[in-house]
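Novice: Pasting a predicted model and its sequence here:
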Amino acid sequence: MFDNVTAYAGDPILSLNEDFQRDPRSDKVNLSIGIYFDDAGRLPVMAAVDEAERELVAQRRTRPYLPMAGIADYRAAVQELVFGADSAALREARIATLQTIGGSGALKVGSDFLKRYFPDSQVWISDPSWENHRVVFEGSGFQVNTYPYYDGATGGLRFEDMLKTVEGLPAESIVLLHACCHNPTGVDLSQAQWEAILPVLRARRLIAFVDMAYQGFGSDLEQDAFAVRALTDAGVTCLVANSFSKNFSLYGERCGALSVVCRSSEEATRVLGQLTCTVRANYSNPPTHGARIIARVLGDAALRSNWTAELAAMRGRIQVMRQAVHSGLEGHVAGRALSRYLDQRGMFTYTGLSPDQVDCLREVHGVYLLRSGRMCVAGLNQRNVGVVAAAIASVLKHTPANW
Ligand code: KET
């Protein structure tokens, strides 16, 4: 029956992470998947999450089917965190938000919804982007194209080229944008660059689909939401997929949300209805546990400030690791452009290492990066950073300085 089922080539991130788990070497280092590890190399259980979960468990709450759109308190908390307590669109009740199965689920529900109403539109993602963006949108039946984004020569942004491409897109094209901490490059638009692209999106009647998987890992929770809020205030049609996997360290609970900013509250009600219809057709309704924890933390002043502080400390630790790997490399390889380790933001740095160099790092040194050269800086710690810098230096010594 399944003779013609071909073998799955694997996923460039998740399959590599599984390879890492199987690697028997005790000194292996995982800088592949976008997961924050603490300085002891462990996945943290954040204190506020721990406390909220204990309370929940003590209450011995039942687990009914949730509404298709998810928990009301959770949805309200998401709206406030993403759009800001003083958002005019929120006050006017014109944002449709529903709880989703992680940020991935938000992208999937959003892209299925868009395919139904904009069947002839095409999707534009940054070059490069998170590998799964293409997979999700193609899975909904869209043609996926790229707009210029990263400049390999400088480690910065090709903003003028990006703008020019966006200016040439047909109306109702879907433009996937990263709110902050761009994955995989760690290079974001400045606030001035966002201000420059907003009128183009609006004037050309483009649909902005913003992916915000790293709120709190760039500057802080508020500043990281700048793009989302500026788009909303500028009246650009936009969808926002946000994830709590990273900033709550709740990867396996699959907590995220999709918000669609509409023209009126009446429109938002209709849009929410069709989004819940998409959910029903896929998985009926979302799960309870993780969302209850998040709603509790965000809804309680003390827990929330504890969470915000711990997130700030995580962000600070990543910054320390950026400096540590930079100075480690400086000591080993002179004359290379290393500033990108310091300048790029969020969990990732695009190292410029070639697939062959990445293979060598993994096979010879047990250091795992994505073959695109993406390094998850949040996997570094005081114990492994020196070893990693020495391993990269050793790989670089055998190749010309091309970056
Ligand atoms: N968007 C982006 C930009 C992103 O990096 C991830 C996960 C997600 C969405 C998915 O979020 P979730 O809530 O887990 O569904 N990225 C890391 C893990 C992965 O590939 O699934 C990564 O890039 O390593």
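Specialist: Ah, there it is.
Novice: Which residues does the residue lying closest to Thr237 once chain neighbours are set aside form beta bridges with?
Specialist: Nearest residue to Thr237, sequence neighbours excluded (Cβ to Cβ, 6 or more residues apart in numbering): Ile207, at 5.3 Å. From N, CA and C alone the C-beta is placed, and that goes for glycine too. For Ile207, the beta-bridge partners are Ile174 (DSSP bridges).
Novice: in the stretch 251-400 of the chain, which segments are predicted with low confidence?
Specialist: 335, 399-400 (pLDDT under 70).
Novice: ok, back up a step: pLDDT wise, what is the residue nearest to Thr237 at?
Specialist: Note on Ile207: pLDDT of 98.
Novice: ok, now how distant is it from the ligand?
Specialist: Counting by Cβ to the nearest ligand atom, to the nearest Å, the gap from Ile207 to the ligand is 18 Å.
Novice: pretty sure that residue contacts Leu176?
Specialist: No - taking contacts as Cβ atoms under 8 Å, Ile207 lies outside contact range of Leu176: 9.8 Å.
Novice: neighbour-wise, which of these two wins?
Specialist: Here Ile207 and Leu176 are compared on neighbour count by other Cβ atoms under 10 Å; more neighbours surround Leu176, at 27 against 22.
Novice: so Ser305 sits in a helix?
Specialist: Yes - secondary structure assignment places Ser305 in a helix (DSSP: H, G, I helix; E, B strand; the rest coil).
Novice: what residues are up against it?
Specialist: Ser305 makes no contacts at all, as judged by Cβ atoms under 8 Å, 6 or more residues apart in numbering.
Novice: roughly how far apart are it and the ligand?
Specialist: Ser305 is 24 Å from the ligand, by Cβ to the nearest ligand atom.
Novice: what does Ser121 give?
Specialist: From Ser121 to the ligand the distance is 20 Å (Cβ to the nearest ligand atom).
Novice: Enumerate the residues of the protein near the ligand.
Specialist: 13, 33-34, 102-104, 130, 132, 183, 211, 213, 243, 245, 256 (Cβ under 6 Å from any ligand atom).
Novice: Report the rounded mean pLDDT for the helix or strand Leu90 falls within.
Specialist: Here Leu90 sits within helix 88-91, counting by DSSP states H and E. Across helix 88-91, the average pLDDT comes to 97.
Novice: For that helix, buried residues please.
Specialist: Neighbour-count burial for helix 88-91, with 16 or more other Cβ atoms under 10 Å as criterion, is recorded at 89-90.
Novice: Could you list every helix and strand in contact with that helix?
Specialist: If contacts are counted by 3 or more Cβ pairs under 8 Å, 6 or more residues apart in numbering; DSSP states H and E, helix 88-91 sits against helix 72-83, helix 226-233.
Novice: CSV for those, including distance to Glu310 and mean pLDDT?
Specialist: Formatted as CSV, the helices and strands packed on helix 88-91 follow (distance: least, Cβ to Cβ, whole Å; pLDDT from 0 to 100):
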stretch, distance to Glu310, mean pLDDT
helix 72-83, 15, 98
helix 226-233, 22, 97
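Novice: residue contacts, the nearest residue to Gln215 once chain neighbours are set aside?
Specialist: Distance criterion Cβ to Cβ, 6+ apart; nearest residue to Gln215, sequence neighbours excluded, is Asp224 at 4.7 Å. Residues in contact with Asp224, defined by Cβ under 8 Å, 6+ apart, are 179-181, 212, 214-218.
Novice: I appreciate the help and will end here.
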